[in-house]
Structures are given as structure tokens and as C-alpha cells.
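Peer 1: The following block contains a protein sequence and its predicted model.
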Amino acid sequence: MSLKILIADDHRIVREGLRALLEKEPDFQVVAEACNGEEVLRLARLHRPDVIVMDITMPDLNGIDATRQIVSEMGSVRVLALSMESDRRFVVEVLKAGATGYVLKDTAFAELATAIRTVAADEPYLGPGITELIIKDYLQRIPENVSVVYENLTLREREILKMIADGKNAKEIAFAFHVSVKTVDNQRHSIMKKLNLYSIAELTKYAVREGLTSLTGH
């Protein structure tokens, strides 16, 4: 089954270029294009795409506010931010709004295609350089008296948590431990329950805060 994709960008040449590239992929179907935030909302309600490739700076309604409304109203629709903006404030705000991933427009198409497939599977995806921005932001916000409940996790759960924090998806973790993706999902749910967390994003924030990711040393 093809992934239904909605392209949102205020530059026509960008939309046309993306459509031409995306439609060459056998598992992608571009269902619509939007040139502003209001049109994104209308077309998302109409087509219910699997993934919206969302520019951040658009007229009428910016991509961050559009993302917030889409995620609130259409929980099954995933948003992948595609922007020229590498400023941490933009990255953090669109992720807080509910985007599942963020890549820069100077990325190679192969990476964009991977990002689309990843967020469609409800796995977070951050392009090169973006992860470090996010980690730095959260490290700056760490309270000094963070309580650690890490000891509640089993050794395997700790290993999985660290891999999640390092950006590995369920398939990669399953391959590393020679188990099924379902087993990884079950263990991830167990981790969330023990830590009283409710999303992969919160799980990643916790791991970063506790210094469990190798990326924090970069």
C-alpha cells in the first residue's frame, strides 16, 4: 500500500520538484500540494494523508501553527518538517507542536525518502545536525535536582532506551538484539510504563536528560 503524502510549501518550484522526485518511489503517492498553512489544513482534512512534508515559513498560517492544529485534530497524520531553518528555536517549536521529524532542505533526496518512511511508521526522524541542536536545548533546561528512576529498568530495557535516545528505530533495535519488532515494541511500552512517560519524544527527552545517549558528548 502506498503512503499518501501531502506537500506543503509556498514555492511552486519546490512543490513541483518534490512531487517529481517522490512519485518515482513505488511506495509513495502525492495526493495534494498546498501553498500556505490554511490550504494545508483544508487538504489534510480532505485527503487524510499519512505524511505531510511541511515547510515552516508559509503565508496565512505558518507551518508550526498548522502542525499544531493538524496533530490536535488528525492524530493519525504525521508531520515531517522540511525547512531551510536550522535555528534551534524553529526546530524545537515545530517538534513541540507535534511534528514527528525535521530535515533541512539541503538534504539529499534519499534521506528525505527515509525520513518520510520513518515518520509514517510513527518513529521520530531528525536530520544530521538537528539532533545535536535538540540535545543542547534540553541539556540547557535540565533542573539540578532531577530524580532518577533509571534503576527500575532491566539491563535490556536500559540498552533499548539508550538506542532509542541515539535515534535507532524499532527495526534497527530488533536487528541488534535478534528479536522481533513486536518484542521491541513491548519492551518500549514497559519502559514507558515504568518511567510514567507517554510518547517516544518524552522517552527521548528523558534519556537525554539522564545522559544516556552517546550524542550528548558531541
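Peer 2: Sure, I can see it.

Peer 1: Tell me how many other residues crowd the closest residue to residue 35 other than its chain neighbours.
Peer 2: Leaving aside its chain neighbours, residue 35 sits nearest to residue 10 (5.2 Å; criterion: C-beta to C-beta, 6 or more residues apart in numbering). C-beta: built from backbone N, CA, C; applies to glycine. Residue 10 is flanked by 17 other residues according to other C-beta atoms under 10 Å.

Peer 1: pLDDT weak spots in the protein?
Peer 2: 137-151, 212-218 (pLDDT under 70).

Peer 1: any idea how it splits into domains?
Peer 2: Domains of the chain are assigned by automatic domain parsing as 3-137, 143-217.

Peer 1: So which of the ones you listed is the most surrounded?
Peer 2: domain 3-137 (a mean of 19; mean count of other C-beta atoms under 10 Å).

Peer 1: The residue nearest to residue 35: what's it in contact with?
Peer 2: Residues in contact with residue 10 (C-beta atoms under 8 Å, 6 or more residues apart in numbering) are 35-36, 55, 57-59.

Peer 1: again, but for residue 21
Peer 2: 109, 112.

Peer 1: how far away is the closest residue in space to residue 86 that isn't next to it in sequence from residue 127?
Peer 2: Among residues not flanking residue 86 along the chain, residue 104 sits closest, at 6.0 Å (C-beta to C-beta, 6+ apart). To residue 127, residue 104 is 6 Å away according to C-beta to C-beta, to the nearest Å.

Peer 1: gap between the strand or helix carrying residue 117 and the chain center?
Peer 2: Taking DSSP states H and E as the criterion, the element that holds residue 117 is helix 109-120. Counting by C-alpha atoms, centre = their mean, to the nearest Å, helix 109-120 is centred 10 Å from the centre of its parent chain.

Peer 1: try stretch 85-102
Peer 2: Counting by C-alpha atoms, centre = their mean, stretch 85-102 is centred 9 Å from the centre of its parent chain.

Peer 1: thought residue 103 was touching residue 127?
Peer 2: Yes - between residue 103 and residue 127 a contact is recorded at 3.8 Å, counting by C-beta atoms under 8 Å.

Peer 1: shared neighbours of these two, anything?
Peer 2: Common neighbours of residue 103 and residue 127 (C-beta under 8 Å, 6+ apart) are 111, 115.

Peer 1: Now for the chain: which helix has the highest residue count?
Peer 2: Identified as the longest helix of the chain according to DSSP state H is helix 181-195.

Peer 1: now it, how far from the chain's geometric center?
Peer 2: Worked out by C-alpha atoms, centre = their mean, helix 181-195 lies 19 Å from the chain centre.

Peer 1: Repeat that for stretch 170-186.
Peer 2: 19 Å.

Peer 1: for stretch 60-67, same thing?
Peer 2: Distance, centroid of stretch 60-67 to centroid of chain: 17 Å (C-alpha atoms, centre = their mean).

Peer 1: what sits up against that stretch?
Peer 2: 8, 36-41, 54-58, 79, 81, 83, 90, 93-94, 97-99.

Peer 1: With stretch 159-178 instead?
Peer 2: In contact with stretch 159-178 (C-beta under 8 Å, 6+ apart) are residues 118, 121, 123-124, 126, 131, 153, 156, 180-181, 183-185, 187-188, 191, 200, 203-204, 206-208, 212-215.
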